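> could you work out the structure for the sequence below:
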Amino acid sequence: MSRGFVKEDDLELAGTDLPERPLSQHANYVTPDGLQQLQQTVKTLESARSQYIVRKEDPSAQQKLAEIDRDLRYFVAKLESAQLVDPAQQPRHTVLFGAKVQVEDETGQQSVFQIVGEDEADIAQQKVSYVSPVAKALLGRKAGDSTVWQRPAGPLQLDILTIEY
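Numbering: from 1, shown residues only. Predicted structure coming up:
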């Protein structure tokens, strides 16, 4: 769209009416680390908010403040709904929330996955959400069990080698 059809007032308010971040319909289970991450995120957002609130006459500060407020509402809601699950209290012989599971696939490749909450999931750190397909394939299994991970690329058989908490 050409700038000729945009009112200056519209530009000033751009981004201040952001859609809310959707909350998951799943239970908000968190590990102790996940709870600490949520708490730190809220603190960081509150600190950032205080920096922008003093400049709220500036349109770019208004937009940033709207983003921070939206994210703050999301993370406060996540923090309020958090259900702490301490992996140290889980039975050692079964894959449950918080477990670190070493698996071997049918090609002989070994991987380790830690089953965590949705907000804590980070595949670069080998942390997967408990509602992910790989976690669903592993949950409830024991060392020595085999399971099938239903992937978009096709099913993959996984043998569970070890379980740690």
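
> ok, now which ones touch residue 115?
Listed by Cβ atoms under 8 Å, 6 or more residues apart in numbering, the contact partners of residue 115 are 95-99, 101, 128-130, 135, 138-139. C-beta: built from backbone N, CA, C; applies to glycine.

> report the buried residues of stretch 36-47.
37-38, 41-42, 45 (16 or more other Cβ atoms under 10 Å).

> closest to residue 123 out of the residues you listed?
If you rank the buried residues of stretch 36-47 by distance to residue 123 using Cβ to Cβ, residue 37 comes first, at 15.8 Å.

> for the residue nearest the centre of the chain, give me the pLDDT.
The geometric centre of the chain, computed from its C-alpha atoms, lies nearest to residue 119 (Cα atoms, centre = their mean), at 1.8 Å. On pLDDT, residue 119 comes in at 93.

> now it: how far from residue 54?
Residue 119 sits at a distance of 30 Å from residue 54 (criterion: Cβ to Cβ, to the nearest Å).

> could you do residue 137 as well?
To residue 54, residue 137 is 50 Å away according to Cβ to Cβ.

> next up, the contacts around residue 151.
Contacts for residue 151 (Cβ under 8 Å, 6+ apart) come out as 133-134.

> what does the one 5 residues further on give?
For residue 156, the contacting residues are 105-106, 148-149, by Cβ under 8 Å, 6+ apart.

> out of the helices and strands in this protein, which is least certain?
When each helix and strand of the chain is scored by mean pLDDT, DSSP states H and E, helix 8-13 comes last, with a mean of 48.

> quick check: next helix or strand after that one?
Next helix or strand after helix 8-13 toward the C-terminus (DSSP states H and E): strand 29-30.

> work out for me the element the residue lying closest to residue 125 once chain neighbours are set aside sits within.
Spatial nearest neighbour of residue 125, excluding adjacent residues (Cβ to Cβ, 6 or more residues apart in numbering): residue 114 at 7.9 Å. Element membership for residue 114, per DSSP H and E: strand 110-116.

> what's the offset of that strand from the middle of its chain?
Relative to its chain's centre, strand 110-116 lies at 15 Å (Cα atoms, centre = their mean, to the nearest Å).

> list the buried ones in it?
The neighbour-count check on strand 110-116 (16+ other Cβ under 10 Å) flags 113-116 as buried.

> for burial, what's the neighbour tally of the closest residue to residue 82 other than its chain neighbours?
Leaving aside its chain neighbours, residue 82 sits nearest to residue 30 (4.7 Å; criterion: Cβ to Cβ, 6+ apart). Other residues lying near residue 30 total 25 when counted by other Cβ atoms under 10 Å.
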